[in-house]
Each structure stands twice: as structure tokens, then as C-alpha cells.
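In: Here is a sequence with its predicted model. Questions after.
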Number of protein chains: 2
Amino acid sequence: MEVGLKLRAIEEARQRVAPHLVKTPVVTNARLDQEFGASFYFKCENLQLGGAFKARGAFNAVFSLTEEEAARGVVTHSSGNHAGALALAARARGIPAWIVMPNDVPTVKAANVEAAGARIVYCEPTLEAREGAARELLAEHGATLVHPYNDYRVMAGQGTVALELLEQAPPPDVILAPVSGGGLLSGIATAARAVSPKTRLIGVEPAGADDAARSFQAGRLVAGGTPRTLADGLRATLGDKTFPLIRQHVDEMVTVSEEGIVAAMRLLWDRLKLVIEPSAAVVFAAVMEGKTAVSGRRVSLVLTGGNVDLARLPWSK
Amino acid sequence: MEVGLKLRAIEEARQRVAPHLVKTPVVTNARLDQEFGASFYFKCENLQLGGAFKARGAFNAVFSLTEEEAARGVVTHSSGNHAGALALAARARGIPAWIVMPNDVPTVKAANVEAAGARIVYCEPTLEAREGAARELLAEHGATLVHPYNDYRVMAGQGTVALELLEQAPPPDVILAPVSGGGLLSGIATAARAVSPKTRLIGVEPAGADDAARSFQAGRLVAGGTPRTLADGLRATLGDKTFPLIRQHVDEMVTVSEEGIVAAMRLLWDRLKLVIEPSAAVVFAAVMEGKTAVSGRRVSLVLTGGNVDLARLPWSK
């Protein structure tokens, strides 16, 4: 496999996934623009297949496999959007998928994965247990691991967000994207740096899960502490494949508060009429908390997903 | 003014409003298609300026005025989406707008109208009081009344939804649109009947506010009873300009239950990741309640708006 990630791999990913996925719209909002004195462009990955950008990486990985590899199936460990995305990709290719999930996963998330036809293997809710369970499946079936983010095929798939965005909206002064394991940010940064070199690239994460900001600052991968954030999609830590690209291409990393995430989520639901999850709201929290200057600028923001429990919204009592 | 409504007026309206409004996206959903065995195309008017299709009619009316008429301003009576839409249109043309609202209107709705720069004139919450207040304003200022729906300029503007939809998606077997006063449905029906004559046109309304179905059945305008529905945008009754066009062009009128509206609203939030208001959900309630056959068909549905109080959702206790 190619080491590193280049624009060409992202362009190839785009060709590969396009027949299967949604070219998500970019929406604008005159009132928000007026209030903040900026021009915002929101890339709606909440409208992607499966409700999150994760389908891009999963489909690119699954459709990159040879016939022989594909026939033996794919494995991942995830309790989040990647699990559902990989299940959808495997079904689209007609191959088996095994998803290792902690035995305390919410039933709604397990049900989504099962609805897409994947098999769930439950394990204890520890990193060791899930990696062990994944290893056993790989050995038993000869299947291919599709890591949620630390995988160049996945990163290339996520980078297709930027290729679309840069065609759909005027050249942005700034792109804001959430960062967790870094699959999305590394892909976007690689694509955007190549296509639109002057655009400022900013990663955003919760202050309660700020390993990426600390690694970026230190110039080396630092250990993540125990994540404390309601943004359940942003609790992972950077990987050894994602971090070097982020370090190379990203201009800045900012953090936002939990209150800021809830306020941004609610404001965007109210103004944009879009259901977005807390992890997606961090980018606008950065705007609202003044973590990045937007006045007079064209600012593109990636709204990463919309998978939330509608019965338990963070602003409900 | 021209009597009746023709395709040409809708095409002219499209030219007139295009520079000011959003060409809203049409979204699809593979999972819903699979579950219902249909191909659904959702026209996202919740993403329209002001969060509802009403901007189309209001902008067409306001930008149809001569300079002399425009300078004297516009008046309407509405406590809903039309009020905010007319305020936005008047601001865009730089003319005064007076909105007559009942004195029990929720403060958030009044605040939206004031944020757009219109002047609110409060009255008692009766039809007589609001019509009286509007008459006084018209006489005092020489302003133009822009009725929420019973106005050919407004109906032509709303019909632009259909012109866009028919370009953005394959020719539909069926179009489902909510009906209240009939401004949207008459405009859509006029446009779609001319452009896509074989498409079946169906109006949907709450069983608790079914004057349109009863008028359609009787072949004449019947009086509306007291509307009993949480779909606050669907409590008006057909007008003498909208009804004849609906009678002429619409194939069928169906009604849906309150439980069906809530279930459809929640399902669409969950699957489409779109914030839609109860009035918009009626079209999918008709599908879920089996009021119209969708299996094997291309079904276009107009999601009319997304203005809801996020603190009080109908499925919250």
C-alpha cells in the first residue's frame, strides 16, 4: 500500500465512491452571514448515506479491495458512525462484515448496524478487548481490517469532502473541520492544501478531548486522557498515519467548550433547519466562541453528521 | 391584474425571485426508498430563506409592485411563516411592511418579524379584528395588501417550487403537497399540470382541519370548522382564488391523523436529518398511513418549512 496520502488517491477515491454515495449539498444562510459579518458555507455531511461522512472512507476502503480480499470480508471495531458506514459499504459490495462493539453500546446503534446486514461481535468495553476480538476475526476469516481512521484508504475517502466542497462554493479563506482520530481532517487537509493552497485549515475539537491540539502543539503524538465531552464522535485520539499529515498541512487547532457545543448545535438546528450531532457542532462553536476570526471572510464548515437520539437532546431537561 | 393563474406567470415569478431566494435542494434517502419500495424526492423548502416556502410568494408579490406602489409599503395579517417572509421581502426591496398579528402570538414569532425590520400592529385574536386592522393600515398608508395565499402573485411565487422540483428530479408519478389556504397547492398544481401532465397531484391536510378535502368533495367552497391540529401552518381555509385551480388541476385530497403527523415528523428528522415543522410532515404521514400508493413509484414530496420551537417538540414529554 502507498505510504502517506496524495491528492491523486483522493481523486481516485472520489471516482470509486461517487456511484454509491450522496454528493451532499452546501447550504448558506443569509441571517447567520449578516450576524457574523462572514460568508458561511456549510457542507452537509449529515445528509450523507448513513447520516455521516464516514460512508466515504468505508466505501473507498471496501471498493478498493481485490475480489479475493473482498470475498473474505471486512472487520472493524467501532460503536459509532464508522460501524454503520462499513456495514453499508459491505452490503453494497455483497461481502460479509463483522463489527466489534462494546457490550454496553446503545441498542439503537447496534440495531442500525444489524439493519445494514453486518454481524456484531460483542466484547468487554475496553480497548484491549476490542482489539483482541478484531484480531480473532481477522485470523479466523482472513478478513481485512478497516480501521475507523488510521487507514490511508479511509483517509482518502474522507478527503473527498474537500474536493466536492471546493467545487461547490467559492474558494474559502478558511475551512473548519472537527478532529477526533484525524481521518477526516487529514484527508481534507491533504486535498485542500493541494487544490486551494491559500485556504487556512483549522481543526476543532472539544476542550474535554483535546489530544489533537496537544499533539499539534508538542509536535509529536501525545497520549489522550479520558475524553470528557458530549460529542461522542470526537473521543478518539490521532493515529500514526493521520497525525503527520495534519502536522504538515493544518494551520491551527482550536478547542471549544461543552456549553459552546450545545449552543452551536441548537443555533444551527434553529437557523439551518438541519439535524446535526454534537460532534458536527464544534465547528460553529469555534465561530461563536471567537476562536477564529471570520469577519469579512469566506468560511467553509464541515457538518460531519446528524446521528442523534431525538428523544434526548442536550438542551432538554 | 390577470385573473386566474397560468404557467407563464409562474415562470415570470421564478425569474423575479431567483436573485433573492435559495434554490432549495431535493434530497433522497436509500433506506426510506427500500422500506417503502418507492423512490422519494424531498423538496427542502425548510432550507428556504426564512425557513419556509412562503418567501417565494412574498418576494414575487413585493417585487411585482410598481415603484409607486412599492414606496407606499405592504400590509398583511399573519402569525405564521408568511409574516416573516413578507418582512424579508419588504426589507430586500427597501420598503415598509406592516404585519397585523393577534396579541397572543408567541413572542418568538413576533421577534422574527421585528428582526427583519417590519412593524407589528397587534389586534384582538379574531378574524374580524385582524381584517379591520389591516383595512385601517391600507387606508392610512395607501399600502398594498399581500394576502398569505388568496393572491395570484403569491400563488405564482409558490408555484416556483414545482418548476424547480421538476428540473431537479426525474418526472414524478406523484407529487404530494400540504394544503391549508391553498396558495402552495394551487401554484404547484398549475405548474405541474402544464409541465408534467401525467403526474398525479395530491393535496394533504390534517383530518382535524379538513376543509379543503370537504370542499374538494363537495365541488364548492365549504366553511372551515374550528381547526384542531398541531400543524399550525395548516389551519387556514381555501380561498376563492385558490380553490378553483385546485379543483381543476388536483387529482385527490387526503387527510392524515395527528399521531401520523408526529410519527412522520420524527421519522423524517431521524432519517433525513432535516428539521421540519408538523405542517411539512403531513405529506409523509400520508405515505405512512397508506393514504396513497407509493410502491414502485417516483414520489415527490414538498417539505414546506422548518420553523419549530426546539424546546417543545411534539414527542417530548
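Out: Cool, the structure landed. Because the structure is predicted, anything quoted here is derived from the model rather than measured. Numbers count the residues shown, from 1 in each chain, chains lettered A, B, ... in the order given.
In: make it CA atoms for all contacts and neighbour counts henceforth
Out: Noted.
In: so how far is residue A:231 from the residue of the stretch 51-200 of chain A found nearest chain B?
Out: Residue nearest to chain B within the stretch 51-200 of chain A (Cα to the nearest Cα): residue A:51, separated by 7.2 Å. Distance of residue A:51 to residue A:231, given as Cα to Cα, to the nearest Å: 15 Å.
In: picking that back up, got a list of what the residue of the stretch 51-200 of chain A closest to chain B touches?
Out: A:45, A:305-307, B:271-273 (Cα atoms under 8 Å, 6 or more residues apart in numbering or on different chains).
In: Among those, which pair sits farthest apart?
Out: Spatially, the most separated pair among these is A:45 and B:271, at 13.1 Å (Cα to Cα).
In: Spatially central residue for chain A, please.
Out: Central residue of chain A (Cα atoms, centre = their mean): residue A:184, 4.7 Å from the mean position.
In: who's in contact with that residue?
Out: So residue A:184 contacts A:149, A:155, A:158-159, A:177-178 (Cα under 8 Å, 6+ apart).
In: Which helix or strand lies directly C-terminal to the lowest-mean-pLDDT helix or strand in chain A?
Out: Counting by mean pLDDT, DSSP states H and E, chain A has its least confident helix or strand at helix A:107-115, which shows a mean of 86. Under the assignment DSSP states H and E, the closest C-terminal helix or strand after helix A:107-115 is strand A:119-123.
In: Helices along chain A, start to end?
Out: A:7-17, A:30-36, A:54-64, A:67-71, A:81-93, A:107-115, A:127-141, A:152-168, A:183-195, A:211-218, A:242-249, A:258-272, A:278-288 (DSSP state H).
In: Any idea which of the ones you listed has the lowest pLDDT on average?
Out: Ranked by mean pLDDT, the helices of chain A bottom out at helix A:107-115, with a mean of 86.
In: just checking, residue A:88 touches residue A:114?
Out: No: if you go by Cα atoms under 8 Å, residue A:88 and residue A:114 don't touch, sitting 10.0 Å apart.
In: Which one's more surrounded, the two?
Out: Between residue A:88 and residue A:114, residue A:88 has the larger neighbour count (other Cα atoms under 10 Å in any protein chain shown), namely 25 against 15.
In: could you measure the spatially closest residue to that one that is not a sequence neighbour against residue A:306, distance?
Out: Here the nearest residue to residue A:88 in space, its sequence neighbours aside, is residue A:116; by Cα to Cα, 6 or more residues apart in numbering or on different chains that works out to 5.6 Å. Applying Cα to Cα, the value for residue A:116 to residue A:306 is 18 Å.
In: still on that earlier bit, shouldn't the residue nearest to residue A:88 be in contact with residue A:87?
Out: Yes: applying Cα under 8 Å as the test, residue A:116 and residue A:87 come out as touching, 5.6 Å apart.
In: Those two: which has the busier surroundings?
Out: Taking other Cα under 10 Å, residue A:116 and residue A:87 do not tie; residue A:87 has more neighbours (31 against 20).
In: Enumerate every residue touching that one.
Out: Residue A:87 neighbours (Cα under 8 Å, 6+ apart): A:97, A:99, A:113, A:116-118.
In: Swap in 7 Å and give it another go.
Out: A:97, A:113, A:116-118 (Cα atoms under 7 Å, 6 or more residues apart in numbering or on different chains).
In: So which of those is the closest to residue A:13?
Out: residue A:97 (20.5 Å).
In: Give the bridge partners for the closest one, please.
Out: Under DSSP bridges, the beta-bridge partners of residue A:97 are residue A:74.
In: what's around it, how many residues?
Out: Quick note: residue A:97 (other Cα under 10 Å) scores 28 neighbours.
In: Is it in contact with residue A:119, as I believe?
Out: Yes: using Cα atoms under 7 Å, residue A:97 is in contact with residue A:119, at 6.2 Å.
In: Return every residue with contacts to both of the two.
Out: Between them, residue A:97 and residue A:119 share no contacting residue, judged by Cα under 7 Å, 6+ apart.
In: Go ahead and name everything in contact with stretch A:20-29.
Out: A:40-45, A:47-49, A:168, A:272.
In: Also near chain B: which of those residues, exactly?
Out: Among the contacts of stretch A:20-29, the ones lying near chain B by Cα under 7 Å from any Cα of the partner chain are A:47, A:272.
In: Which of the contacts of stretch A:20-29 fall within strands?
Out: Counting by DSSP state E, these place A:40-44 in strands.
In: got these as JSON lines, with pLDDT and neighbour count columns?
Out: Putting these into JSON lines (pLDDT from 0 to 100; neighbours: other Cα atoms under 10 Å in any protein chain shown) gives the following:
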{"residue": "A:40", "pLDDT": "98", "neighbour count": "26"}
{"residue": "A:41", "pLDDT": "98", "neighbour count": "23"}
{"residue": "A:42", "pLDDT": "98", "neighbour count": "23"}
{"residue": "A:43", "pLDDT": "98", "neighbour count": "24"}
{"residue": "A:44", "pLDDT": "98", "neighbour count": "28"}
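In: from those, which is closest to chain B?
Out: Chain B has its nearest neighbour among the ones in strands among the contacts of stretch A:20-29 in residue A:44, at 9.7 Å by Cα to the nearest Cα.
In: partners of the closest one in the sheet?
Out: Applying DSSP bridges, one finds that residue A:44 bridges with residue A:303.
In: how about it, what does it touch?
Out: Per Cα under 7 Å, 6+ apart, neighbours of residue A:44: A:24-26, A:302-303.
In: can you do 10 Å?
Out: A:23-27, A:51-53, A:161, A:165, A:274-276, A:280, A:301-306, B:273 (Cα atoms under 10 Å, 6 or more residues apart in numbering or on different chains).
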